[in-house]
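> Pasting a predicted model and its sequence here:
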Amino acid sequence: MILLADIGATNARFCVTSDCYKYEHSESLEVIDSSSIEALCNKYLNRYELTNKVSKAVIGVAAPIIEDEVAFVNANISFSIEGLRNQLFKEGLIVVNDLALQAHAIKGLEKSELSFIGIRKGQPEEGPKILVSPGTGLGLAGIVDQHIIATEAGHLNIPQKEIINDLKKITDSFILKSKRAPTYEDFLSGKGIRFFYKVLSEDEGTNLSSKEILENKDLNEDCSKTKELIVYLLASYLRYVALVWGSTGGVYLAGSIVNTLITEEVYQTFRETFESSETMQDLLKAIPLILVTIDNIGFRGALELSKKL
């Protein structure tokens, strides 16, 4: 039996598989409740009495994988891959960046699990693909000839030309508070959505979650403006990274934030902002924008990787 895990800065999702094609015992745990990655894995395994049945694992983490020691970007968490293998998963362990984990699922997704944003011009062509997922941070992974490439592209600074209208007010507030220019990850993330709303509403004490702000069930004008600005900024970010990657195979978007943010009502304006280029509009028009509508993409990617153990 193989443990599958997608561990973010705040929450960790676990399940197990015995055949590498389907999974069971899915559960989410809060990262802050455990002192280490080992303790977090043990907590899940003990809960389902799997400690003596699991000896392999595929784990995605919200961190770059450079050497044996792995340190999370948005949380005070670090661990040794070799130490984790020796302690819990002696028969096999694969550790990858969390977006790389999700990217392994792309090739196996069904048409019913995808929604094309804007005008659909046939199937995605052969060529590089990228997967983007805003969450606690902003993740991007590339897919080139079935090779998955993890990146930290969310940490790019926002070009001055994209800081228009109310974005300037928000950017100025961020610089005053943080003493540095904002990156795309600062704004295109849960913390960014909350920051936008606080600045626009001038309500520093708000306790609204990013999901509540985007859902805007009370028809709050500041929530609406926050969503409008985030939609614009995300589309402009995708324009830059799509051109860098030459992602004619498609730009895929995944996660709860984009599935709440990008509704059919904004498809057309989102597409127009993405294609807004004086020199490369023809290429951008040919690049599909694809929303992944399932919420278990990490597990699906982990299943693909589990076949290698």
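Cool, got the structure.

> Asn220: neighbouring residues, count only.
Using other CB atoms under 10 Å, Asn220 has 16 other residues around it. From N, CA and C alone the C-beta is placed, and that goes for glycine too.

> again, but for the one 5 residues further on
Applying other CB under 10 Å, we find 16 other residues in the vicinity of Lys225.

> go on, Tyr232?
The burial count for Tyr232: 20, using other CB under 10 Å.

> wait, what's in contact with the nearest residue to it once chain neighbours are set aside?
Spatial nearest neighbour of Tyr232, excluding adjacent residues (CB to CB, 6 or more residues apart in numbering): Thr273 at 5.7 Å. Shown in contact with Thr273 (CB atoms under 8 Å, 6 or more residues apart in numbering): 231-232, 235-236, 239.

> tell me which of these is nearest to Asn259?
The closest of the contacts of Thr273 to Asn259 turns out to be Val231 (CB to CB; 13.1 Å).

> Just the element for Gln102, please.
helix 98-103 (DSSP states H and E).

> for Leu93, same thing?
Assigned by DSSP H and E, Leu93 belongs to strand 92-97.

> likewise Ile175?
With DSSP H and E as the test, Ile175 turns up in helix 166-178.

> Check the offset of that helix from the chain's centre.
Here the centre of helix 166-178 is set off from its chain's centre by 24 Å, with CA atoms, centre = their mean, to the nearest Å.

> Could you do stretch 79-88 as well?
Mean-position distance between stretch 79-88 and its chain equals 25 Å (CA atoms, centre = their mean).

> go on, stretch 69-76?
16 Å.

> Where does the prediction get shaky in the stretch 101-250 of the chain?
119-125, 205 (pLDDT under 70).

> So which residues of it form helices?
Along the stretch 101-250 of the chain, counting by DSSP state H, counting those that start in this stretch, helices occupy 166-178, 184-187, 190-201, 210-215, 221-245.

> Redo these as CSV? Include distance to Thr151.
Formatted as CSV, the helices of the stretch 101-250 of the chain follow (distance: least, CB to CB, whole Å):
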stretch, distance to Thr151
helix 166-178, 23
helix 184-187, 12
helix 190-201, 19
helix 210-215, 23
helix 221-245, 9
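
> I'd say Pro18 and His25 touch.
In this structure residue 18 is Ser, not Pro. No: using CB atoms under 8 Å, Ser18 is not in contact with His25, being 10.6 Å away.

> what about these two, which has more around it?
Each of Ser18 and His25 has its neighbours counted (other CB under 10 Å); His25 has more, 16 against 13.

> related to what we said a few turns ago, hmm, who's touching the helix holding Gln102?
Under CB under 8 Å, 6+ apart, the answer for helix 98-103 is 6-8, 58, 60-63, 131, 133, 139-143, 148-151, 254, 297-298, 300-302, 305.

> let's go with 7 Å and repeat that
Helix 98-103 has contacts (CB atoms under 7 Å, 6 or more residues apart in numbering) with 6, 8, 60-62, 131, 133, 139-141, 143, 148, 150, 254, 297-298, 301-302.

> And it, what's buried?
98-103 (16 or more other CB atoms under 10 Å).

> For Leu45, state which of those is nearest.
Checking the buried residues of helix 98-103 against Leu45 by CB to CB gives Leu101 as the nearest, at 19.3 Å.

> From Ile148, how far off is the closest one?
The gap separating Leu101 from Ile148 is 9 Å, by CB to CB, to the nearest Å.

> for Phe195, same thing?
Distance of Phe195 to Ile148, computed by CB to CB: 31 Å.

> Ok, Val95 next?
Distance from Val95 to Ile148, counting by CB to CB: 13 Å.
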